[in-house]
Structures are given as C-alpha cells and as structure tokens.
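Student: next comes the sequence, and after it the predicted model I'd like to discuss.
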Amino acid sequence: MCTMRLTLRQTGLTQTSLKQTRLPHAAPILLAVSLAVSIFPVRTPAAAEQHLLYVANPGTRNYVQYGGVGILVFDIDNGYKFVRRIPTWDVPEGKEPENVKGIAASAKTGKVYVTSLNRMAAIDAVSGKRLWDKTYEGGCDRLAVSPDGKILYVPQLEGPNWHVVNAANGDVIATIETKSGSHNTIYSADGEHVYLAGLKSNVLSVADPKTHKVASTVGPFDNVIRPFTVNGANTMVFVNVNGLLGFEVGDLRTGKKLYHVEVEGYKQGPVKRHGCPSHGIAFTPDEKELWVADCANEAIHVFDSTVMPPKQVTSIKARDCVGWVSFSMDGRFVYSSTGEIIDAASKKVVAALQDETGRQVQSEKLLDLTVANGKVIRAGNQFGVGMKGK
C-alpha cells in the first residue's frame with residue numbers, strides 16, 4: 001500500500017489527509033487533489049522550509065474587526081491557514097488601538113519591524129519576542145529596511161522629516177528633511193537608493209544612504225504621490241496620485257515624468273478611505289505586469305508592463321475596497337489588502353485570510369518570509385517592487 005499526505009485547497013476536502021489505497025472510485029478524488037496541488041504544491045520535506053505570510057493588524061486604519069491586534073502568521077503552503085498571533089502592543093481598556101502604518105523584515109537579522117502612529121517595534125520573526133520598542137518625534141509611517149538589515153528609514157507621520165534609525169537598537173542616527181508630508185519609503189534592492197514619497201508633495205525625493213541626504217528628485221507629477229513602486233534597475237518609478245484612477249510613470253535618471261495612464265472602462269467614484277481612486281500599485285517580481293488598486297470599484301486592474309506606457313489587459317473583482325497590492329517573493333501569489341489571495345497566473349482568487357476565530361482578515365501591511373531550521377532565510381517586501389535588476 002502506498003500512503004501519501006497532501007494538503008488541499010479550501011474545498012470540501014480542505015486541510016484533510018488522504019490515504020491513497022486501492023479505492024475503486026478514486027479518480028474524482030485524485031483529480032481534486034491534483035488541482036489543489038497545482039495551486040498550493042506540497043514542498044519537499046528535504047527543503048525544511050516554511051513559507052509564511054506575516055500580516056500586521058490593525059492594518060486597515062484601526063479597524064479591529066479585520067483581524068484584531070498583532071502580527072498574524074499564515075502558512076502559505078497549507079492554503080494560507082492561520083498559524084499564530086504575535087503580540088505587538090497592548091491596548092489599554094477603553095482606548096482605541098493605534099493604526100499599524102508599515103511593516104518591514106530582514107533576512108540578515110531575522111527581525112520584523114512594525115510601525116504605528118507613534119511607535120516602532122523590532123520583533124524576532126521566529127520566536128515572536130519583542131526586541132525593542134520606541135516612540136519617535138513626529139510619529140511613524142511606512143518604513144523601509146536596508147538590504148543588509150542595519151538601517152531603517154522611518155518617515156514621520158506625514159511630517160517634514162524621515163528618521164534614519166539604527167536597526168539594532170532603534171536609535172535615530174540622522175534626519176532627512178523634505179517638507180513633503182513624509183509617508184511611503186522604498187529601499188532599493190541594491191542598497192544604493194532610498195525613495196521618499198510625501199503625502200503633501202508631487203515630487204519624489206531620492207536619498208543617498210551613504211550620506212543620508214536627498215541626492216535627486218523626480219517630477220513634478222500631476223498631483224501628490226500616494227503608493228508607488230520602482231523597477232529593479234532603478235530607472236523607472238510608477239506612482240499613484242490623488243485624483244487619478246491609474247498611475248503615472250517617471251524616469252529616475254532624468255527626473256522627468258514620462259506617462260499618464262488612466263484605467264479604461266471604469267469610472268472614478270466615492271472611496272471608503274485614502275481619498276484617492278487608486279491606492280496601491282505593484283510589479284510582478286519579473287516586471288512583466290503591473291497591478292493597480294481601485295477602491296471605488298472594488299477591483300484590481302492588471303497592465304502589461306513589457307510595453308511603455310503599460311497596457312491594460314484585465315481586471316479582477318475584489319470583495320471590498322482595495323487599498324494595497326503586493327506580491328509573494330516567488331511571484332505566484334498576489335496579496336490584496338482585502339485579505340484575498342490571488343493566483344497571479346490564472347488571475348483567480350484562491351484563498352481568503354481568516355484568523356483563529358474565523359474572522360475575515362484585511363490589512364495593507366503584510367509580507368512573506370521563508371524560515372528554515374529556525375532562521376529567516378528570505379524576506380519579502382510590503383511594496384510590490386520589480387526584481388529584474390540591471
């Protein structure tokens with residue numbers, strides 16, 4: 001007799017074990033198994049790797065109904081099944097929790113960093129132990145960590161400055177003033193550039209991490225910059241801006257705006273949050289596609305980015321306002337802030353996050369980690385950045 005253990009998709013056979021024996025009518029069961037494995041393949045035990053999704057909450061404003069408070073960990077290879085909850089900050093009785101503003105992680109140090117309106121904490125990704133927890137002048141927003149795991153760039157909460165922070169202990173080592181309403185941050189994969197977008201400016205600042213000073217700017221764009229992404233070669237930036245269902249494209253070398261791209265076939269409408277039609281934009285890691293959020297229409301629009309300007313090819317319906325989009329490191333899965341997991345190839349929703357109580361989970365602050373032998377060996381990014389390189 002041959003015995004085989006498989007984890008299934010969320011069907012009638014969800015998370016069950018099948019023992020393959022001499023069953024006379026096994027063909028339908030085996031077909032269901034093969035379909036499930038094509039989406040959530042069983043990893044070989046020899047690899048001894050865990051592929052985990054870390055979701056920081058409350059990650060949609062301070063709405064605790066979408067997963068409560070803490071970092072929720074999900075097993076990617078087991079149909080995104082809930083694994084555990086890592087505590088972040090205690091909420092005093094009678095008080096509202098602070099919004100989580102950003103999440104970053106380093107494979108070099110094994111740490112996850114989470115920001116709230118006023119604080120930043122460093123947490124051991126494997127043990128869940130809080131290593132340090134500090135408040136910062138002007139508050140905190142969506143941060144980024146250097147590729148070597150030593151430096152954090154932490155924006156004030158829509159303020160004039162970014163804090164440059166020692167990732168080992170949380171101490172501020174420098175301050176960069178842009179007077180742009182500091183908001184979103186991307187550290188380039190080669191460690192040569194840090195991209196700083198403010199909520200009150202239509203110009204992107206590019207800092208030199210060797211000097212911690214602004215070295216160049218890109219823009220002006222047609223309105224203030226919201227979420228954005230860059231390609232792996234650090235030659236182009238793609239930005240959401242206020243008032244636009246779509247995005248604009250800038251040249252990181254010349255500093256000029258190149259293209260203005262509007263979503264076709266959909267109208268702008270009232271949005272639940274963020275005050276802009278598109279609040280979320282992400283590259284597939286191979287940079288062949290660009291995925292763009294649409295809050296009012298509860299959709300994600302997919303563009304072919306092998307041509308310039310990118311060409312709209314399809315749209316995917318979501319269950320709620322989409323306020324963020326990112327990708328798994330291998331590019332197989334798309335993470336929508338609605339808690340839906342989309343198969344990037346088929347463009348179909350294949351899972352939906354639920355916490356330990358069965359509650360629907362939503363968050364705009366999430367990334368994936370790979371853990372092996374008790375150590376983080378790869379870390380994803382809360383931004384869907386291109387990874388092709390030069």
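Tutor: Sure thing, it's come through.

Student: pairing partners for the lengthiest strand in the chain, with directions?
Tutor: When the chain is parsed with DSSP state E, its longest strand is strand 49-57. Here strand 49-57 has these sheet partners by DSSP bridges: strand 70-75 (antiparallel), strand 366-372 (antiparallel).

Student: possible to save these as CSV with distance to Ile281?
Tutor: Backbone N, C-alpha and C define where each C-beta goes, glycine included. Formatted as CSV, the strands paired with strand 49-57 follow (distance: least, CB to CB, whole Å):
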stretch, distance to Ile281
strand 70-75, 23
strand 366-372, 16
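
Student: out of those, which is closest to Ala351?
Tutor: Ala351 lies closest, by CB to CB, to one member of those: strand 70-75, at 8.8 Å.

Student: and the average pLDDT for the following helix or strand past the closest one is what?
Tutor: Going down the chain from strand 70-75, the next helix or strand is strand 81-86, by DSSP states H and E. Across strand 81-86, the average pLDDT comes to 98.

Student: and the following helix or strand past strand 81-86, average pLDDT?
Tutor: Downstream of strand 81-86, the first helix or strand assigned by DSSP H and E is strand 100-106. Across strand 100-106, the average pLDDT comes to 98.

Student: helices or strands up against strand 100-106?
Tutor: strand 49-57, strand 111-116, strand 144-145, strand 366-372, strand 375-379 (3 or more CB pairs under 8 Å, 6 or more residues apart in numbering; DSSP states H and E).

Student: quick check: which of the ones you listed is buried the most?
Tutor: Among the helices and strands packed on strand 100-106, strand 111-116 has the highest mean neighbour count (mean count of other CB atoms under 10 Å), at a mean of 26.

Student: mind giving me CSV with the helices and strands packed on strand 100-106 and columns for distance to Thr357 and mean pLDDT?
Tutor: As requested, these are exported to CSV (distance: least, CB to CB, whole Å; pLDDT from 0 to 100):
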stretch, distance to Thr357, mean pLDDT
strand 49-57, 13, 98
strand 111-116, 21, 98
strand 144-145, 31, 98
strand 366-372, 19, 98
strand 375-379, 27, 98
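
Student: okay if I get the ones you listed as CSV plus distance to Gly358?
Tutor: Shown next, in CSV, are the helices and strands packed on strand 100-106 (distance: least, CB to CB, whole Å):
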stretch, distance to Gly358
strand 49-57, 15
strand 111-116, 24
strand 144-145, 33
strand 366-372, 19
strand 375-379, 29
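
Student: quick one: contacts for Glu49?
Tutor: By CB atoms under 8 Å, 6 or more residues apart in numbering, Glu49 lies in contact with Arg43, Thr370, Val371, Ala372, Ile377.

Student: want to throw these into JSON lines with distance to Gly384?
Tutor: Shown next, in JSON lines, are the contacts of Glu49 (distance: CB to CB, whole Å):
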{"residue": "Arg43", "distance to Gly384": "23"}
{"residue": "Thr370", "distance to Gly384": "17"}
{"residue": "Val371", "distance to Gly384": "22"}
{"residue": "Ala372", "distance to Gly384": "24"}
{"residue": "Ile377", "distance to Gly384": "21"}
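
Student: from those, pick the one nearest Gly128.
Tutor: Using CB to CB, those come closest to Gly128 at Val371, 12.2 Å.

Student: I'd say that closest one and Ala125 touch.
Tutor: Yes: Val371 is within contact range of Ala125, at 7.3 Å (criterion: CB atoms under 8 Å).

Student: any figure for the gap between the spatially closest residue to Gly138 that is not a sequence neighbour and Glu98?
Tutor: Of all residues not flanking Gly138 in the chain, Gln156 sits nearest, at 3.4 Å (CB to CB, 6 or more residues apart in numbering). As judged by CB to CB, to the nearest Å, Gln156 and Glu98 stand 15 Å apart.

Student: cool, Asn57 as well?
Tutor: Separation of Asn57 from Glu98 (CB to CB) stands at 11 Å.
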